[in-house]
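Asks: Only the shape, not the letters, is given here:
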Ligand SMILES: [Cu+2]
């Protein structure tokens, strides 16, 4: 996030062209999804890319909230990290290959590791994007990134209609939904 605040402060001092360059580098540093398009009614491998810690501090916990319509969630085991699967009821019954499904994982928490600010890592889960999700919309996975001494980065901003992630300081990672194959 240092990059973003730095660029905001600088905004009155530098030219528009320089700002564009800063914005591009800041965007690549967010927590983002590797695969940014996926059809509904299909299985999706979500790779969350963590580009930096909390203003220089290492990342010690990553919490991912599972949005409505995303079911059958399974995190990929990760060496050096414990995984908590927080379960709950879905907002409705979703069809999972003919089986009505009413509950499952709503949040995944990776903890116990330490990712230095100057290193890169990925946190992976697999899930089913139900046919109830709407194609041609963006599905967002809010992520909270925690660091020592209470430092935290909340990647939870959901862009309003007509806006994009680039319009926000801490956008939630998103995947554009495509029509069912
Ligand atoms: Cu960033």
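Replies: Received the coordinates, thanks. Since we're looking at a predicted model, the values are computed, not measured. Numbers count the residues shown, from 1 in each chain.
Asks: give the contact list for residue 100.
Replies: 93-94 (CB atoms under 8 Å, 6 or more residues apart in numbering). No exception for glycine: its C-beta is placed from N, CA and C like everyone else's.
Asks: and it, that's in a helix?
Replies: No. Going by DSSP: H, G, I helix; E, B strand; the rest coil, the assignment for residue 100 is strand, not a helix.
Asks: Does the host helix or strand of residue 62 pack against any helices or strands, and if so which?
Replies: Assigned by DSSP states H and E, residue 62 falls within strand 59-65. Secondary-structure packing of strand 59-65 (3 or more CB pairs under 8 Å, 6 or more residues apart in numbering; DSSP states H and E): strand 42-50, strand 99-115, strand 121-129, strand 143-146.
Asks: Show me what the mean pLDDT comes to for it.
Replies: The average pLDDT within strand 59-65 is 98.
Asks: Quick check: next helix or strand after it?
Replies: Following strand 59-65 in sequence, per DSSP H and E, is strand 70-75.
Asks: In the sheet, which strands lie alongside that next one, parallel or antiparallel?
Replies: strand 121-129 (antiparallel) (DSSP bridges).
Asks: about what we covered before: want to throw the helices and strands packed on strand 59-65 into JSON lines with distance to residue 135 and mean pLDDT?
Replies: Putting the helices and strands packed on strand 59-65 into JSON lines (distance: least, CB to CB, whole Å; pLDDT from 0 to 100) gives the following:
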{"stretch": "strand 42-50", "distance to residue 135": "11", "mean pLDDT": "98"}
{"stretch": "strand 99-115", "distance to residue 135": "21", "mean pLDDT": "98"}
{"stretch": "strand 121-129", "distance to residue 135": "10", "mean pLDDT": "98"}
{"stretch": "strand 143-146", "distance to residue 135": "23", "mean pLDDT": "98"}
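Asks: Tell me which of those sits most buried.
Replies: strand 143-146 (a mean of 21; mean count of other CB atoms under 10 Å).
Asks: Give the pairing partners of that strand; include direction for each.
Replies: strand 59-65 (antiparallel), strand 152-155 (antiparallel).
Asks: Put together a markdown table for those, with distance to residue 82 and mean neighbour count on each row.
Replies: Shown next, in a markdown table, are the strands paired with strand 143-146 (distance: least, CB to CB, whole Å; neighbours: other CB atoms under 10 Å):
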| stretch | distance to residue 82 | mean neighbour count |
| --- | --- | --- |
| strand 59-65 | 10 | 21 |
| strand 152-155 | 19 | 18 |
